[in-house]
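Visitor: Sequence plus predicted model, see below.
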Amino acid sequence: MPGLFVAIEGIDGAGKTTVLERLARMLPGVCTTREPSGSPVGALIRSWVLQGGTVDPRVDALLFAADRIEHYKREIEPMLREGCTVISERYVESSIAYQGAAGVPVEFIKLVNSAVPRADLTVILDVDPGTALARIGRRDRAEKYERGDFLRRVREIYLMRAREEGYLVVDAGRPPLEVAREVAEIIASRLRLRTV
Ligand SMILES: Nc1ncnc2c1ncn2[C@@H]1O[C@H](COP(=O)(O)OP(=O)(O)O)[C@@H](O)[C@H]1O
Ligand SMILES: [Mg+2]
């Protein structure tokens, strides 16, 4: 049976990387990965898009989608085929939330992401943007996607999508161990459902 594909979502500073590291230690058979990926398109996104290089947010949407197709086909799909529980830091919902908050119509974002499948399970780590920005210490020298007002819009879209799609929302304002335990239990119960 192919592995379970889990996407961990949330605004910058929500604690995604922290939770992924803990999940890899708490659960057996986990492979973790992240977006932007290690591909050349991912490198372009980190060096240029995230520094504010583009003039139209649709360019961002296209590049993130291109990186995601590479990421899925070259890394995620092979790991799933091997039976790994693949946990990705960010996936399609990041584009819907971030490029959506930047003004790209959701139908455009969905269309350019239609080449990759949905994750089996999407978990949103939800935290107040003020808390998140304090954690990453970037209140003043904010990058393109790390301003408080922007992150508030991103968070609202995540929560709206959770209501629409039934994604699980986890309170990420608590200590890392508590957050990781709750997410681990969600994943473990989903894995148990698949084996019965
Ligand atoms: N639950 C938490 N409570 C307090 N600080 C946290 C928590 N989770 C992560 N952090 C800290 O916040 C910062 C951002 O966490 P990180 O996991 O990199 O967030 P993300 O990957 O969502 O941007 C790091 O310095 C991390 O140690
Ligand atoms: Mg991270």
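Guide: Yep, it's here. What you see is a predicted model; the values in this text were computed from it and never measured. Ligands and ions are numbered 1, 2, ... in the order given.

Visitor: How about whichever residue of the chain sits closest to ligand 2: what's its closest non-neighbour residue?
Guide: Ranking the residues of the chain by distance to ligand 2 (Cβ to the ion) places Thr17 first, at 3.4 Å. From N, CA and C alone the C-beta is placed, and that goes for glycine too. Using Cβ to Cβ, 6 or more residues apart in numbering and skipping residues adjacent in sequence, the residue nearest Thr17 is Glu89, 6.1 Å away.

Visitor: my guess is the one you found contacts Thr32, does it?
Guide: Yes - here Glu89 reaches Thr32: they are 7.2 Å apart, a contact under Cβ atoms under 8 Å.

Visitor: Residues of this protein that sit close to ligand 2?
Guide: For the chain, the contact set with ligand 2 under Cβ under 5 Å from the ion comprises 16-17.

Visitor: Give me the contacts around the longest helix along the chain.
Guide: Ranked by residue count under DSSP state H, the longest helix found in the chain is helix 176-195. Counting by Cβ atoms under 8 Å, 6 or more residues apart in numbering, the neighbours of helix 176-195 from elsewhere in the structure are 1, 4, 6, 8, 15, 18-19, 22-23, 26-27, 85, 87, 120-121, 123, 125, 168, 170-172.

Visitor: What subset of those is buried?
Guide: Neighbour counting over those (16 or more other Cβ atoms under 10 Å) leaves 4, 6, 8, 15, 18-19, 22-23, 26-27, 85, 87, 120-121, 123, 125, 170, 172 as the buried ones.

Visitor: restrict the residues you listed to those near ligand 1?
Guide: Restricting the buried ones among the contacts of helix 176-195 to those near ligand 1 by Cβ under 6 Å from any ligand atom leaves 15, 18, 172.

Visitor: hang on, the earlier thing: in which helix or strand does the residue of the chain closest to ligand 2 reside?
Guide: Taking DSSP states H and E as the criterion, the element that holds Thr17 is helix 16-26.

Visitor: any idea how far the residue of the chain found nearest ligand 1 is from Ala115?
Guide: When Cβ to the nearest ligand atom is the measure, the chain has its nearest residue to ligand 1 at Gly15, with 2.9 Å between them. The span separating Gly15 from Ala115 equals 29 Å under the rule Cβ to Cβ, to the nearest Å.

Visitor: can you check Ile109 too?
Guide: Using Cβ to Cβ, one gets 13 Å for the distance from Ile109 to Ala115.

Visitor: same question, Ala102
Guide: The span separating Ala102 from Ala115 equals 21 Å under the rule Cβ to Cβ.

Visitor: okay, these two: which has more neighbours?
Guide: Neighbours per residue (other Cβ atoms under 10 Å) separate Ala102 from Ala115, with Ala102 holding more: 18 against 12.
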